[in-house]
Structures are given as C-alpha cells and as structure tokens.
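K.L.:
I would like to see how this sequence folds:
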Amino acid sequence: MVSHASAPFSTVGPAPKPLIPFAPEAHLQGLALSCTARWHEGVLELHYRLSGPLPRLRLASQIGGEPPQRRDQLWQSTCFEAFIGRAGQPGYWELNLAPNGDWNCYALNGYRQGLQPEPRIQAMPFVLKQRQLEGELEQLELTLSLPIGALIPAASALELSATAVLDDVSHGCSYWAWLHSGPEPDFHRRESFLPLAEG
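P.N.:
This next block holds a predicted model:
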C-alpha cells in the first residue's frame with residue numbers, strides 16, 4: 001500500500017513543473033526541461049518542453065526512414081519518460097517517448113518487478129515540435145494525449161513521475177525528474193511519484 005499522506009510536496013497541477021538533473025553538473029548548465037501533466041476523463045496529457053544548447057545532445061533519428069514504432073531500450077539515449085500508477089496500488093506503468101517518435105509502454109506489478117510490454121497500448125502517437133535559432137535547434141516540445149481508461153479507471157486517483165534521460169555527446173546520460181528520492185537516479189522509486197490533480 002502506497003501512501004503520500006505525509007509527503008513533503010503538493011499535488012501536481014496543470015502548470016509546467018521543472019525537471020531537475022540528479023547531479024547538477026557543469027555541462028548541464030543552460031538546459032531547461034519542464035513537464036505539464038493533466039488527468040481528465042480517462043485521458044493523460046503530457047507536455048514536455050526542453051530548451052537550451054540542444055545540439056550537444058544525441059537525438060535519435062528514424063532508422064532508414066522507417067515510421068515510428070514500438071522499441072525497447074529507448075532509455076539508453078535521450079528519451080522523455082513518465083511513470084504512472086494508481087494511488088494505493090503497487091503496480092505501475094512506464095512510458096518511453098523518443099525524439100524520433102519511437103515509443104514503448106511497459107507494465108510492472110511492483111518495484112522493478114514483472115516488466116513486460118503493456119498489450120492494451122498498441123499505439124502512442126505524440127506530436128514533436130522544434131524551434132531553431134540561427135540554424136541550430138534551440139527548443140523541443142513533445143505533446144502526448146493518451147487514453148488510458150483501459151489501464152486505469154477515469155475516476156481513479158493517479159500518481160505520476162515525469163522523467164527524462166538526456167544524452168550528451170561528450171558526457172553521456174544525465175537523469176532528470178520532478179523529484180529524486182533515492183541515493184542514485186532511479187525513476188522506479190514510488191516515493192518519487194506525485195499525486196496528479198484531475199481537471
């Protein structure tokens with residue numbers, strides 16, 4: 001049973017909430033990442049905004065011109081993620097959204113237990129927008145509107161952790177989240193999930 005009765009944070013609302021790197025190293029300066037989340041009538045809406053010196057990051061491109069598809073191990077490079085669970089239930093879901101449109105959705109029955117592709121989610125179309133300044137990528141926005149009523153009843157209290165992996169060409173991966181609750185970067189820790197306001 002998961003309880004956030006004494007948690008030192010408030011319910012996440014519709015305003016953008018910044019993600020912070022687990023280790024705020026010097027090479028991450030200038031990067032800014034936020035996520036807006038909304039849970040309404042069985043639809044989860046996520047909007048990520050990443051800005052800064054983005055040419056320093058590895059951003060996946062489509063392989064051989066293939067359309068976006070479900071792929072494993074997207075988290076090994078730049079990837080927007082979300083971890084979703086019902087309040088009081090140990091099971092949860094992991095969403096992976098790559099900058100080239102590839103995606104995955106996994107179901108777990110407990111902390112890092114029983115991970116498998118969620119069969120009830122067969123597509124995850126999301127919109128990517130880019131903004132350039134003087135010919136270089138300056139901002140990337142990702143918007144997802146996902147009906148998850150088959151996974152979580154619309155009236156359920158939802159908990160969510162917005163996270164991301166940013167892969168620097170020279171320094172490797174950094175790990176970003178609304179909240180880091182452990183001694184190492186670990187997006188699966190349920191203590192990092194925040195109650196998500198419906199509306």
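K.L.:
only C-alpha atoms for contact and neighbour calcs from this point on.
P.N.:
OK.
K.L.:
who does the helix or strand of the chain with the lowest mean pLDDT pair up with?
P.N.:
Ranking every helix and strand in the chain by mean pLDDT, DSSP states H and E puts strand 126-133 at the bottom, with a mean of 89. Strand pairing for strand 126-133, determined by DSSP bridges: strand 136-147 (antiparallel).
K.L.:
Give me the distance between the two termini of stretch 156-175.
P.N.:
With CA to CA, to the nearest Å applied, stretch 156-175 spans 29 Å between its terminal residues.
K.L.:
List the buried residues of it.
P.N.:
157-168, 173-175 (16 or more other CA atoms under 10 Å).
K.L.:
Identify the residue nearest L151 in space, chain neighbours excluded?
P.N.:
Excluding its sequence neighbours, the residue lying closest to L151 (CA to CA, 6 or more residues apart in numbering) is R120, at 7.6 Å.
K.L.:
Check the gap between the residue of the chain positioned farthest from its centre and W178 for me.
P.N.:
If you look at how far each residue of the chain sits from its centre, by CA atoms, centre = their mean, the farthest one is E134, at 28.9 Å. Applying CA to CA, the value for E134 to W178 is 31 Å.
K.L.:
So H40 is in contact with E198, correct?
P.N.:
Yes. Under the criterion of CA atoms under 8 Å, H40 makes contact with E198 at 5.5 Å.
K.L.:
who has more neighbours, the two?
P.N.:
A count of neighbours by other CA atoms under 10 Å puts E198 above the other of H40 and E198, at 21 against 14.
K.L.:
helix/strand/coil for A60?
P.N.:
coil (DSSP: H, G, I helix; E, B strand; the rest coil).
K.L.:
Settle this for me: it is touching Q76, isn't it.
P.N.:
No. If you go by CA under 8 Å, A60 and Q76 don't touch, sitting 10.8 Å apart.
K.L.:
out of the two, which sits in the busier spot?
P.N.:
A60 (15 against 12).
K.L.:
Tell me who's in contact with that one.
P.N.:
Neighbouring residues of A60 by CA atoms under 8 Å, 6 or more residues apart in numbering: 77-78, 98-100.
K.L.:
now do Q29
P.N.:
Q29 makes contact with no residue, according to CA under 8 Å, 6+ apart.
K.L.:
so what's the backbone phi/psi at G91?
P.N.:
phi -70, psi 150 (degrees, to the nearest 10).
K.L.:
And for it, the neighbour number?
P.N.:
Neighbour tally, G91, other CA under 10 Å: 18.
K.L.:
Quick one: neighbours of the residue lying closest to it once chain neighbours are set aside, just the number.
P.N.:
Take G91 and drop its neighbours on the chain: the residue closest to it by CA to CA, 6+ apart is N109, 4.0 Å away. N109 has 14 neighbouring residues, counting by other CA under 10 Å.
K.L.:
what does L46 give?
P.N.:
21.
K.L.:
Please apply the same query to L179.
P.N.:
By other CA under 10 Å, the residues close to L179 number 20.
K.L.:
show me what contacts the closest residue to it other than its chain neighbours?
P.N.:
The shortest distance from L179 to any non-neighbouring residue, by CA to CA, 6+ apart, is to S192 (5.4 Å). With contacts defined as CA under 8 Å, 6+ apart, the neighbours of S192 are 161, 178-181.
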